[in-house]
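Peer 1: model the following, please.
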Amino acid sequence: MPDPAPSKGRLFVANRGEIALRAIRAAQALGMEAVMGVSAADRDGLGARTADRAVVLGPAQARDSYLNAKLIVHAAKETGCTALHPGYGFLSERAELAQLCAEEGIAFVGPTPESIQQVGDKLSARAMAKAANVPMTSGSEAVDDLAHALRLAEQIGYPVITKASAGGGGRGMVVAHAPEELAAAFDQAVTTAREAFGDGTLFIERYVEVARHIEVQVIGDGKGGVVHFGERDCSIQRRYQKMIEEAPAAILSPDVRKRLHAAAVQLLSSIDYRNAGTVEFLYDSASEEFFFMEVNARIQVEHPVSEAITGTDLIQAQIRLATGAIADFEQKDIKTQGHAIEARIIAEDPDRDFMPCPGRITRWSPPSGPGVRIDSAMESGAMVPPYYDSMIAKLIVHGASRGEAVDRLAQALDDFQVEGIATNIPLLKFIVAHPDFRTNTINTRWLETQVLPAFRARQGR
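Peer 2: A predicted model of the protein is given here:
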């Protein structure tokens, strides 16, 4: 990838935690000033101290700070910012924020409002994938009511899964193996989707029982040019939330990998996609088939494993593209090397049904060494507030092979010392020591059906 002259100007960072710190440091490395918008809970944090300037958006509650698009754009304009990075979560996939930036002449470090709307609605994204000839599971249009859902499920064939058209993260999802299971859970799925996204619209897809979650990292130039940075295997999940991610997906054959990349590029090329995005697929290991799931119109939590195997700083690439410093991408410039794994360090207690554990960190001693990277805004004495997502760090390891990366991850987890709050590190150690993880014989249900029961039994529960 070309390495143009650093961007100039001032970047407003509309997020918190480790991704805000990444964006701040990326901007500063490119010669830009960085302004961070913070809530009252984060005004003394590492991100606020690292930024060239921090402005308090409002009180700790996200709705009054990190989720207030008009306030954020006003703060960016008033502080003379020429670009805005939304990170992930919060407003990163809201077309409203991108549109407000466009109206104020601020470069949005992400897709266009039109693209965000197009891929953000899952029914629209399915139609887009179908038009681009991307493989999909059999599925439905919007479901009107339970009776309609039961008819559609009968046509598709059980098992089926319901999904919320307006969002993801497992909310509104119900797996049903028979009509009575769908009938028992349908109304609650609608209610959950409506509460989470303000829209209770559901659709139904065939459920792939034994699958892997594989996704492709891409960046588009907004003119039909799209390049990929390889794929990631994100199959270790609890309640549809990713816990450990790897790159590349070692299970794929060269032919399947090539077709997967081509499908992702074709899909987003067809809409002139701009900036970073991820195309997600279900992969059936038995048949070696893959099926489109959704597009995430933002940078994702697990992007560091793609950075590790390609040697590309994706946050800097995002900023350069948004500010006009990169005009073209060439696939031949992007090479992959080795294997990388990321483990999410979360302030929660797996021995107490994953209860969030906010509080003050009295000791923070992360691991170091060859091939070990920590993305975090935590430090000794830092407060983990109760108002936001409880992820406090990402541990990324890189090795010449998957085996070397797994060994480095195991050692790094042993070396990671956190006191004052509970974390999921004991569970992560248990996962990494499991023979199925070592042999890469896992699927999206493996953590919940195989690991968690054994972990609880070991803990005497």
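
Peer 1: so, low pLDDT: which residues of the protein?
Peer 2: Across the chain, the ranges flagged by pLDDT under 70 are 1-7, 169, 326-328, 459-461.

Peer 1: how does it look with 50?
Peer 2: Residue ranges of the chain with pLDDT under 50: 1-6.

Peer 1: now do the SS call for the residue lying farthest from the centre of the chain.
Peer 2: Most distant residue from the mean C-alpha position of the chain: Ala147, 34.3 Å away (C-alpha atoms, centre = their mean). Reduced to three states with DSSP: H, G, I helix; E, B strand; the rest coil, the structure at Ala147 is helix.

Peer 1: can you check Ser380 too?
Peer 2: coil.

Peer 1: quick one: it from Glu96, how far?
Peer 2: Ser380 sits 38 Å away from Glu96, going by C-beta to C-beta, to the nearest Å. C-beta here means a position set from N, CA and C on the backbone, and glycine is covered the same way.

Peer 1: swap in Ala264?
Peer 2: 26 Å.

Peer 1: could you do His434 as well?
Peer 2: Per C-beta to C-beta, His434 is found 43 Å from Glu96.

Peer 1: ok, these two, which is more surrounded?
Peer 2: When His434 and Glu96 are compared for neighbours, His434 comes out ahead with 18 against 14, by other C-beta atoms under 10 Å.

Peer 1: now do His213 against Ala393, distance only.
Peer 2: In terms of C-beta to C-beta, His213 sits 22 Å off from Ala393.

Peer 1: what about the helices in the stretch 151-300 of the chain?
Peer 2: Along the stretch 151-300 of the chain, the stretches classed as helices by DSSP state H, counting those that start in this stretch are 179-197, 254-269.

Peer 1: so for Ser365, which of those sits nearest?
Peer 2: Among the helices of the stretch 151-300 of the chain, the nearest to Ser365 by C-beta to C-beta is helix 179-197 (36.7 Å).

Peer 1: contacts for the closest one?
Peer 2: If you take C-beta atoms under 8 Å, 6 or more residues apart in numbering as the criterion, helix 179-197 is touched by 146, 149-150, 153-154, 158, 160, 162, 164-167, 169, 171-176, 199-202.

Peer 1: residues of that helix that come out buried?
Peer 2: Across helix 179-197, burial judged by 16 or more other C-beta atoms under 10 Å covers 181-182, 185-186, 189-190, 192-194, 196-197.

Peer 1: cool, stretch 331-347 as well?
Peer 2: Of all the residues in stretch 331-347, those buried under the rule 16+ other C-beta under 10 Å are 334, 336, 338-347.

Peer 1: quick one on the thing from earlier: mind putting the helices of the stretch 151-300 of the chain into CSV with distance to Asp221?
Peer 2: Compiled in CSV, the helices of the stretch 151-300 of the chain are given as follows (distance: least, C-beta to C-beta, whole Å):
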stretch, distance to Asp221
helix 179-197, 30
helix 254-269, 10
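
Peer 1: can you give me the neighbour number for the nearest residue to Glu215 once chain neighbours are set aside?
Peer 2: Closest residue to Glu215 apart from its sequence neighbours, by C-beta to C-beta, 6 or more residues apart in numbering: Glu280 at 4.3 Å. Using other C-beta under 10 Å, Glu280 has 19 neighbouring residues.

Peer 1: give me the spatial nearest neighbour of the residue nearest to the spatial centre of the chain, chain neighbours excluded.
Peer 2: In the chain, the centroid-proximal residue (C-alpha atoms, centre = their mean) is Gln300; its distance is 3.2 Å. Nearest residue to Gln300, sequence neighbours excluded (C-beta to C-beta, 6+ apart): Thr278, at 5.3 Å.

Peer 1: that neighbour bridge partners, please.
Peer 2: On the basis of DSSP bridges, Thr278 is bridged to Gln217, Asn296.

Peer 1: ok, it to Ile214 distance?
Peer 2: 11 Å.

Peer 1: enumerate the positions of stretch 140-159 that are buried.
Peer 2: By neighbour count with 16+ other C-beta under 10 Å, stretch 140-159 contains the buried residues 140, 143, 148-150, 152-153, 156, 159.

Peer 1: check those residues and tell me the two furthest apart.
Peer 2: His148 and Pro159, at 18.2 Å, using C-beta to C-beta across the buried residues of stretch 140-159.

Peer 1: tell me who's in contact with the residue nearest to Glu348 when sequence neighbours are not counted.
Peer 2: Leaving aside its chain neighbours, Glu348 sits nearest to Phe354 (4.8 Å; criterion: C-beta to C-beta, 6+ apart). By C-beta under 8 Å, 6+ apart, Phe354 lies in contact with 238, 348, 424.

Peer 1: okay, now the second one: neighbour count?
Peer 2: Neighbourhood size, Glu348 [other C-beta under 10 Å]: 21.

Peer 1: of the buried residues of stretch 331-347, which is the nearest to Leu71?
Peer 2: Nearest to Leu71, judged by C-beta to C-beta, of the buried residues of stretch 331-347 is Ala347 at 27.0 Å.

Peer 1: give me the distance between that closest one and Val109.
Peer 2: According to C-beta to C-beta, Ala347 stands 27 Å off from Val109.

Peer 1: do Leu123 as well
Peer 2: Applying C-beta to C-beta, the value for Leu123 to Val109 is 27 Å.

Peer 1: tell me which of the two has more neighbours.
Peer 2: Remark: of Leu123 and Val109, Val109 carries more neighbours, 31 against 17, as counted by other C-beta under 10 Å.

Peer 1: check contacts around that one.
Peer 2: For Val109, the contact set (C-beta under 8 Å, 6+ apart) comprises 11, 23, 83-86, 275, 318-319, 322.

Peer 1: rerun that using 10 Å as the cut-off
Peer 2: Val109 makes contacts with 11-14, 23, 26-27, 83-87, 92, 98, 101, 275-276, 298-299, 315, 318-323, as judged by C-beta atoms under 10 Å, 6 or more residues apart in numbering.

Peer 1: need the phi and psi values for it.
Peer 2: Per-residue torsions, Val109: phi -80, psi 80 (degrees, to the nearest 10).

Peer 1: what do you get for Lys70?
Peer 2: According to degrees, to the nearest 10, Lys70 has phi -60, psi -40.

Peer 1: which strand or helix spans the closest residue to it other than its chain neighbours?
Peer 2: With sequence-adjacent residues excluded and distances taken as C-beta to C-beta, 6+ apart, Lys70 is closest to Leu100, at 6.6 Å. Here Leu100 sits within helix 95-103, counting by DSSP states H and E.

Peer 1: buried stuff in that helix?
Peer 2: Within helix 95-103, the residues that count as buried by 16+ other C-beta under 10 Å are 95, 97-101.

Peer 1: my guess is Gly105 meets Leu84, correct?
Peer 2: No - using C-beta atoms under 10 Å, Gly105 makes no contact with Leu84, being 11.1 Å away.

Peer 1: more neighbours: which of those two?
Peer 2: The neighbour count for Gly105 versus Leu84, taken as other C-beta under 10 Å, is higher for Leu84 (30 against 8).
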